[in-house]
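Chemist: Could you work out the structure for the sequence below:
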Amino acid sequence: MKVKDNNILSWICGGVIAIFSFTSCAEHKSQDKNMSDDRIILNPKFDTATFATGCFWCTEAIFQRLKGVEKVISGYAGGHVINPTYEEVCSGATGHAEACQVIYDPSQISFDELLKVFWKTHDPTTLNRQGNDVGTQYRSAVFYHSEYQKERAEHYKSVLDTSGIYSSPIVTAIEPFTNFYSAEGYHQDYYNSNPSQMYCRLVIQPKVEKFEKVFKDELKPGAGE
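Modeler: Here you go, the predicted structure:
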């Protein structure tokens with residue numbers, strides 16, 4: 001299931017899976033804090049990718065359904081404030097993006113395959129915006145953990161940008177990973193825990209259903225049923 005350069009355009013030809021939201025991720029707030037499971041992150045069997053595609057509830061719901069993904073943690077990446085709260089990040093003043101750390105097994109899924117999902121499941125041409133979620137905290141970004149991840153992200157961004165598939169330039173930031181703070185506990189596994197919540201029903205569920213149809217061969221057993 002290795003991704004090849006000569007078929008990258010076919011990833012996107014069917015159109016991005018992202019849909020515009022009817023409501024905003026930032027409308028839902030709480031206070032309790034949760035820290036990530038360092039035992040998984042530090043396991044040498046796994047590698048880490050960090051992606052920002054807008055509201056992290058959507059990002060998490062997508063990536064946690066992929067075979068080879070061990071854990072997805074919602075949080076805040078790329079800012080200058082230590083251990084920020086959700087409210088602080090939503091203000092746009094901390095410099096963080098809502099992001100997800102994707103802990104994955106490279107023997108089952110490659111970084112290129114994760115990039116395939118990244119590019120296809122959001123709009124990389126809208127600056128600091130995904131649907132009704134507007135602000136630098138909703139920017140499109142790849143926070144690379146190695147020179148290899150940087151090279152692959154930049155390569156595919158260049159290929160897609162010159163392909164003519166998009167009517168506007170890709171604005172996805174490709175930045176070195178500098179920090180990540182796990183979001184408050186209620187943000188974790190949000191879609192699975194709150195399927196009847198309005199944002200989940202109107203925004204995340206249709207996006208997940210489209211994703212599951214397009215990537216049906218890459219899903220974990222039981223996903224998409």
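Chemist: Would you map the helices across this structure?
Modeler: Ranges of helices in the chain, per DSSP state H, are 8-12, 38-41, 56-63, 86-90, 111-120, 147-163, 190-193, 198-199, 205-214.
Chemist: I'd like those helices as JSON lines, with mean pLDDT appended.
Modeler: Below are those laid out as JSON lines (pLDDT from 0 to 100):
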{"stretch": "helix 8-12", "mean pLDDT": "57"}
{"stretch": "helix 38-41", "mean pLDDT": "60"}
{"stretch": "helix 56-63", "mean pLDDT": "97"}
{"stretch": "helix 86-90", "mean pLDDT": "97"}
{"stretch": "helix 111-120", "mean pLDDT": "97"}
{"stretch": "helix 147-163", "mean pLDDT": "96"}
{"stretch": "helix 190-193", "mean pLDDT": "96"}
{"stretch": "helix 198-199", "mean pLDDT": "94"}
{"stretch": "helix 205-214", "mean pLDDT": "96"}
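Chemist: Which secondary structure element of this structure has the lowest mean pLDDT?
Modeler: helix 8-12 (a mean of 57; mean pLDDT, DSSP states H and E).
Chemist: what about Phe143, neighbour count?
Modeler: Here the count is done by other Cβ atoms under 10 Å, and Phe143 has 25 residues near it. No exception for glycine: its C-beta is placed from N, CA and C like everyone else's.
Chemist: and the gap between the residue positioned nearest the centre of the chain and Ser158?
Modeler: Nearest to the mean C-alpha position of the chain, by Cα atoms, centre = their mean, lies Thr59 at 3.8 Å. Using Cβ to Cβ, to the nearest Å, Thr59 is found at 23 Å from Ser158.
Chemist: what does Thr121 give?
Modeler: Applying Cβ to Cβ to Thr121 and Ser158 gives a distance of 20 Å.
Chemist: the more surrounded of the two?
Modeler: Thr121 (24 against 11).
Chemist: From what I see, the more buried one and Lys207 are in contact.
Modeler: Yes: with contact defined as Cβ atoms under 8 Å, Thr121 reaches Lys207; the gap is 7.2 Å.
Chemist: mind listing the strands for this protein?
Modeler: Along the chain, counting by DSSP state E, strands occupy 47-53, 69-77, 97-104, 129-130, 133-134, 140-144, 173-176, 180-182.
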